[in-house]
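[1] just need the structure, nothing else, for what follows:
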Amino acid sequence: MTEKIKMGSILIQGSTLMPDSMWLESEKCLDGWIVVKNLDGIRLGRKVREAGWTLSPIADEMQATAFGLDAGKITRRAIQQILAKLKPAKFNCLQITQVALNHFLGLSHVSVSAHAQHIREPRVSSASKLAVA
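    Down below sits the predicted model:
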């Protein structure tokens, strides 16, 4: 888990619709979420815009800290805390902005920071609908 999730990692909800032209190499990382292996946040935003879709920020940076012995498990726990805080918000993408692993008296703790975003198809305005008809 710690090898997969690092600063710049992108997590996308598994049920998210994506542009047909956008292929993502990914791996399951949390229940219902995948980690994108071939893109960072900047390149993801560029590809989404090139496809005519939007990538919108949803909330300010969220942070969580978890303690334990296994770095992978506590990283997962910290990300799950962030997802739980954001649950009421409608989002399907999470960009990890920081992962800091520290040790104190034999106990590890991980601090994770992330930004929630939402990938969506463009909305067709009523003016566009009339012009097509």
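[2] regarding this protein, what is its longest strand?
    In the chain, taking DSSP state E as the definition, the longest strand is strand 107-120.
[3] buried residues in that strand?
    By neighbour count, with 16 or more other CB atoms under 10 Å as the criterion, the buried positions of strand 107-120 are 108, 109, 110, 112, 113, 114, 115, 116, 117, 118, 119. In short, each C-beta sits where N, CA and C put it, glycine included.
[4] so the second one versus residue 26, what's the distance?
    It stands for residue 109. Using CB to CB, to the nearest Å, residue 109 is found at 28 Å from residue 26.
[5] packing partners for the longest helix along the chain?
    Longest helix in the chain by number of residues, with DSSP state H as the criterion: helix 71-86. Applying 3 or more CB pairs under 8 Å, 6 or more residues apart in numbering; DSSP states H and E, one finds that helix 71-86 contacts strand 26-30, strand 62-68, strand 93-104, strand 107-120.
[6] what pLDDT does the one residue sitting closest to the centre of the chain get?
    Nearest residue to the geometric centre of the chain (CA atoms, centre = their mean): residue 94, 1.8 Å. The predicted structure scores residue 94 at 93 on the pLDDT scale.
[7] now do the contacts for it.
    Residue 94 is in contact with 10, 11, 12, 33, 79, 82, 83, 86, 114, 115, 116, 117, counting by CB atoms under 8 Å, 6 or more residues apart in numbering.
[8] can you name the residues that contact the fourth one?
    What it means is residue 33. If a contact means CB under 8 Å, 6+ apart, then residue 33 has 11, 12, 13, 14, 83, 94 as its contacts.
[9] report how many residues lie close to the first one.
    Here the neighbour count serves as a burial measure; for residue 11 (other CB atoms under 10 Å) it reads 24.
[10] what strand or helix carries it?
    strand 10-13 (DSSP states H and E).
[11] that strand pairs with which strands, parallel or anti?
    Sheet neighbours of strand 10-13, with direction, are listed as strand 33-36 (antiparallel), strand 93-104 (antiparallel) (DSSP bridges).
[12] averaged pLDDT, whichever helix or strand comes after the first one. What do you get?
    It stands for strand 33-36. Scanning forward in sequence from strand 33-36, with DSSP H and E defining helices and strands, the next element found is helix 41-50. Per-residue pLDDT values across helix 41-50 average out to 88.
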